[in-house]
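Q: with the sequence up front, the predicted model follows.
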Amino acid sequence: MTTDQPQGPDEVQPERTTPPASDHSGHDGHDGHGRRGRRGRRRVVVLAAATALAVAAVTGGGVALANRSAQAAQQTTASGATSGTTTLPNGLTAGRGPRGIQPGTSGSGTDANGYPLDPGSGGGTAQGSTGTRSGTTNAATSAATAAQEVGLVEITSELTTGEAAGTGMILSSTGEVVTNHHVVAGATSIKVTVASTGATYTARFVGANATTDVAVLQLVDASGLTPVQLDATGAAVGETVTAVGNAGGTGSLTAAPGTVTAESQAITVQGDDGTASRLTGLIELASDIVPGDSGGAVVDAAGKVVAMNVAASSGTSTVTGYAIPISTVMSVVNAVEAGQSSATVTLGYGGYLGIGLTSSSSATVYGVVRGGPAAAAGLVGGDTITAIGGTAVTTADDVHAAVAAHHAGDKVTVTWTTRAGSTRFATVTLGEAPIA
């Protein structure tokens, strides 16, 4: 079954007995669950604290995508190493972009966000290690001071498979916030709490560059906020800095002092679909950065932001942190503010139809999400979609491409052939997909 990205779990029961392979109608997003460094067996993990997200267990020179699972079974050794596993429902991967197409597992009855499309009990499981974190020899982490909290926010992203927590930085008094893309990827809703005041806001996704792992949010009805102070000159090797973030996703900011050890570093990352990508141009830090710190600030001795936390190593006696230079962060922010979409910069929410297809090689509907756009148009299981927005479709990839060409709120004409062989069409308003 291939699945589109729905808004809710209710669905019209399909009149089929053979479970399909899984699909989303739309384009892939960067999943950003974790990173491994280039040296030896050191693992580098992306630092969002998340629940119910599977993580790949990798050895040697491979890559681990390791969103920390707060709901995973965990053990802590005397050295401070933490490990655990978590299982996703029905064998489907998590953290996919809202319009990506993901082959499913025979017996699976949900889409890639965990919404059910199949009345059956479902098949396999997806398991993985959350990774390990050894005791460190870096300077001790402490609670962030009141001054260090100013301009920072704690972010909670609601996913259909669980919840992810991270950090962000306020850029304007009216609530523009920047964070890592992986903190909000796959989110259906986002809550942001201002660390210094405790005020909580709903956040809307404005845009992102998944390649550099930077996302821009806008807090709803925010005013009078105090933004962070930026140091556009960045950090230099040997400079003393402090990484501040929502360590462990606990809702309390911590400060991890350290030193800049290198610039222009690159790490290789691997998505849960097996594709590899890289983050480049990073600052390397000898700082005890941990999951939940993602999107937080790396500040200099004057308290100005020189970089944004993104990843950290584990598996060795000393944690090595990685951060995105503030110049890179602001280049993405400026592009998003200007509405300049590109091959790497995406703007706003993608659309979705709310369907599951029988296989990746077919445009035949397996099931539709109750209350979703496809259901409202009259599509039911067994119908075969033949065109979307005037573009002919015959496979899941075709459906993917046709929906990816539009945004949430766009009106498109969907044409299909019923099980009885008649042709129908309807104008559909695309729903709002999880963040790509």
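A: Arrived safely. Numbering: from 1, shown residues only.
Q: from now on I want contacts and neighbour counts done on CA atoms only, so please keep to that.
A: Fine.
Q: what is the end-to-end distance of stretch 360-370?
A: End-to-end distance for stretch 360-370, by CA to CA, to the nearest Å: 22 Å.
Q: pLDDT of that stretch, averaged?
A: Model confidence over stretch 360-370, given as mean pLDDT, is 91.
Q: tell me which residues in that stretch are buried?
A: 360, 362-370 (16 or more other CA atoms under 10 Å).
Q: and the residues you listed, which of them are in strands?
A: Judged by DSSP state E, strands contain the following of the buried residues of stretch 360-370: 365-369.
Q: contacting residues around the longest helix belonging to the chain?
A: Longest helix of the chain, by residue count under DSSP state H: helix 326-337. With CA atoms under 8 Å, 6 or more residues apart in numbering as the test, helix 326-337 has contacts from 178, 206-209, 212, 214-216, 230-234, 305-308, 341, 345-347.
Q: and stretch 193-201, by the same measure?
A: Here stretch 193-201 makes contact (CA under 8 Å, 6+ apart) with 146, 149-155, 191-192, 219-222, 252-253.
Q: what is the mean pLDDT for it?
A: If you average the pLDDT over stretch 193-201, you get 98.
Q: pretty sure Ala375 sits in a helix.
A: Yes: looking at Ala375 with DSSP: H, G, I helix; E, B strand; the rest coil, it is inside a helix.
Q: Pro257: which of the ones in strands among the buried residues of stretch 360-370 is nearest?
A: Distances from Pro257 to those, taken as CA to CA, are shortest for Val369 (48.4 Å).
Q: quick check: that closest one touching Tyr352?
A: No: using CA atoms under 8 Å, Val369 is not in contact with Tyr352, being 10.6 Å away.
Q: domains for this protein, by residue range?
A: The record's domain split for the chain, according to automatic domain parsing, is 1-26+85-127+351-436, 28-72+130-349.
Q: what's the helix or strand harbouring Glu158 in contact with?
A: Taking DSSP states H and E as the definition, Glu158 sits inside strand 152-159. With contact meaning CA under 8 Å, 6+ apart, strand 152-159 is reached by 113, 163-170, 183-184, 186-196, 227-228, 246, 251, 296-297.
Q: could you identify the helix or strand that succeeds that strand?
A: strand 162-170.
Q: and the angle for that following strand with strand 152-159?
A: Strand 162-170 and strand 152-159 are oriented at 150 degrees to each other (axes from the mean of the first three to the mean of the last three CA atoms, to 10 degrees).
Q: dump the buried residues of stretch 360-370 to JSON lines, plus distance to Ser331.
A: Formatted as JSON lines, the buried residues of stretch 360-370 follow (distance: CA to CA, whole Å):
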{"residue": "Ser360", "distance to Ser331": "37"}
{"residue": "Ser362", "distance to Ser331": "41"}
{"residue": "Ala363", "distance to Ser331": "40"}
{"residue": "Thr364", "distance to Ser331": "42"}
{"residue": "Val365", "distance to Ser331": "42"}
{"residue": "Tyr366", "distance to Ser331": "43"}
{"residue": "Gly367", "distance to Ser331": "42"}
{"residue": "Val368", "distance to Ser331": "40"}
{"residue": "Val369", "distance to Ser331": "38"}
{"residue": "Arg370", "distance to Ser331": "41"}
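Q: just these now: which is nearest Ile324?
A: Ser360 (36.8 Å).
Q: for the residue lying closest to that closest one once chain neighbours are set aside, grab phi and psi.
A: Distances taken as CA to CA, 6 or more residues apart in numbering place Ala396 nearest to Ser360, at 4.8 Å, with adjacent residues excluded. In terms of degrees, to the nearest 10, the main-chain angles of Ala396 are phi -60, psi -40.
Q: what about Ala396, distance to Val150?
A: Using CA to CA, Ala396 is found at 47 Å from Val150.
Q: given the strand holding Glu158, what are its sheet partners and their directions?
A: Applying DSSP bridges, strand 152-159 is found paired with strand 162-170 (antiparallel), strand 189-194 (antiparallel).
Q: go through those and pick out the most buried.
A: For those, the largest average neighbour count (mean count of other CA atoms under 10 Å) is found in strand 162-170, namely a mean of 28.
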